[in-house]
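Peer 1: Sequence first, then the predicted structure:
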Amino acid sequence: MTDTLTATCHCGKVHITMPASAAGILACHCSDCQKMHGNFNAFVAAPRAELAVTGEEALVWYQSSETSRRAFCGTCGARVVKEITAAGRWLVSAGLIDGPSGKLIIKNLWEQSKPDWYDLPQVVP
């Protein structure tokens, strides 16, 4: 198992690298995810300061709520990231992670009320 997780949009213009120890995997069910995905969506959540992003200029951002915004790749349209602005966290779409992460979703927000973004789940190897 690698110490680094990487995520890439479908066309490869946006590439995100993060230390595996910085990420918590969660399933979000906010109204925005419901509209975008038709159900909950799995994310790898990490502090923005822990992420290395190449091709960030290809991201197209929109404000999805008062507390968060989303980014898509402007070329392939992949839903890349959701940013929780007050918490300084980026939620990277788990479906874009290259290869198996070897981690479990340990906080299913579908079954919970609105989450406390400052208390993200810990990684389970």
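Peer 2: That came through fine.
Peer 1: Low-confidence bits of the protein, can you list those?
Peer 2: Applying pLDDT under 70 to the chain flags residues 1-2, 23-24, 29-40, 99-125.
Peer 1: for it, what spans make up the strands?
Peer 2: Assigned by DSSP state E, the strands in the chain fall at 4-8, 15-19, 24-28, 41-47, 52-54, 59-63, 68-73, 79-84, 89-93, 107-108.
Peer 1: Mean neighbour count for those strands - can I get that in CSV?
Peer 2: The way it works is simple: take the backbone N, C-alpha and C, and place the C-beta from them, glycine included. Converted to CSV, the strands of the chain look like this (neighbours: other CB atoms under 10 Å):
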stretch, mean neighbour count
strand 4-8, 19
strand 15-19, 19
strand 24-28, 21
strand 41-47, 22
strand 52-54, 14
strand 59-63, 12
strand 68-73, 20
strand 79-84, 23
strand 89-93, 23
strand 107-108, 16
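Peer 1: residues near the closest residue to residue 3 other than its chain neighbours, how many?
Peer 2: Counting by CB to CB, 6 or more residues apart in numbering, residue 20 is the residue found nearest to residue 3 once chain neighbours are left out, at 5.5 Å. Look at residue 20: counted by other CB atoms under 10 Å, it has 17 neighbours.
Peer 1: Am I right that residue 20 is in contact with residue 5?
Peer 2: Yes: Residue 20 is in contact with residue 5 according to CB atoms under 8 Å; the separation is 5.2 Å.
Peer 1: Ends of stretch 65-74, what's the gap?
Peer 2: Length of stretch 65-74, first residue to last, CA to CA, to the nearest Å: 20 Å.
Peer 1: So which residues make contact with it?
Peer 2: With contacts defined as CB atoms under 8 Å, 6 or more residues apart in numbering, stretch 65-74 is touched by 9-11, 13-14, 30-32, 36, 58-64, 78-86.
Peer 1: Check stretch 47-55 too.
Peer 2: By CB under 8 Å, 6+ apart, stretch 47-55 touches 9, 13-19, 22, 83, 88-90, 92.
Peer 1: Who are the contact partners of residue 97?
Peer 2: Neighbours of residue 97 in contact, by CB under 8 Å, 6+ apart: 5, 6, 7, 44.
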